[in-house]
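Peer 1: requesting a structural model of the entry that follows:
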Amino acid sequence: MKGNSLLHLDQYISEHPEIFTYLTFSNYLDRAIDMMKFKRVNTFVYTKTETEYRPKNSGMSDTFNKAGYVGTMNLYMAFANTMPERSNRIIDLFDRKMEAIRKTERIEAIMRNYGLNDWR
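Peer 2: Prediction:
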């Protein structure tokens, strides 16, 4: 994932650039999985959730072994400040919907479906 830090792998990557292939983010996971199927690469790094979800839901979960996780990082939703009034309405809507969904058991079902734990 060119341009993104891979945390404690950064030093190893800089010392051994010849063994790494960089892919752009567009269709990254599909391309990485295809490259593994055709033995062009033997590993790839991507988000934990999507890397677990995609093979499971496409019948390929037995095809890959998880080697572990590079690390964790906080992800944040960002809204453009070019149209503050519109952005604020979207933020308010998002907050209201998250509050409403948390009042039901639906959030737990969604999280379980993706193999996630509640972040709170």
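
Peer 1: any idea of the pLDDT on residue 69?
Peer 2: In this model, residue 69 is scored at 69, pLDDT.

Peer 1: neighbours around residue 64, how many?
Peer 2: 16 (other C-beta atoms under 10 Å). Where C-beta positions appear, they are placed from N, C-alpha and C, glycine not excepted.

Peer 1: how about residue 111?
Peer 2: For residue 111, the neighbour count with other C-beta under 10 Å is 13.

Peer 1: do residue 32 as well
Peer 2: Counted with other C-beta under 10 Å, residue 32 comes out at 21.

Peer 1: that one - nearest residue in space that isn't next to it in sequence?
Peer 2: Using C-beta to C-beta, 6 or more residues apart in numbering and skipping the chain neighbours, the partner closest in space to residue 32 is residue 44 (3.9 Å).

Peer 1: check whether that neighbour sits in a helix, strand or coil.
Peer 2: The three-state label given to residue 44 by DSSP: H, G, I helix; E, B strand; the rest coil is coil.

Peer 1: and the helix or strand bottoming out on mean pLDDT in the chain, what's buried?
Peer 2: Here the helix or strand of the chain ranked lowest by mean pLDDT, DSSP states H and E is helix 48-57, holding a mean of 78. For helix 48-57, the neighbour count (16 or more other C-beta atoms under 10 Å) marks 51-55 as buried.

Peer 1: may I see these organised as JSON lines, with distance to residue 95 added?
Peer 2: Below are the buried residues of helix 48-57 laid out as JSON lines (distance: C-beta to C-beta, whole Å):
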{"residue": "51", "distance to residue 95": "29"}
{"residue": "52", "distance to residue 95": "28"}
{"residue": "53", "distance to residue 95": "26"}
{"residue": "54", "distance to residue 95": "29"}
{"residue": "55", "distance to residue 95": "33"}
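
Peer 1: now do the helices in this structure.
Peer 2: 10-15, 28-37, 48-57, 84-102, 106-113 (DSSP state H).

Peer 1: format those helices as CSV; extra columns: distance to residue 22.
Peer 2: Shown next, in CSV, are the helices of the chain (distance: least, C-beta to C-beta, whole Å):
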stretch, distance to residue 22
helix 10-15, 10
helix 28-37, 10
helix 48-57, 17
helix 84-102, 33
helix 106-113, 32
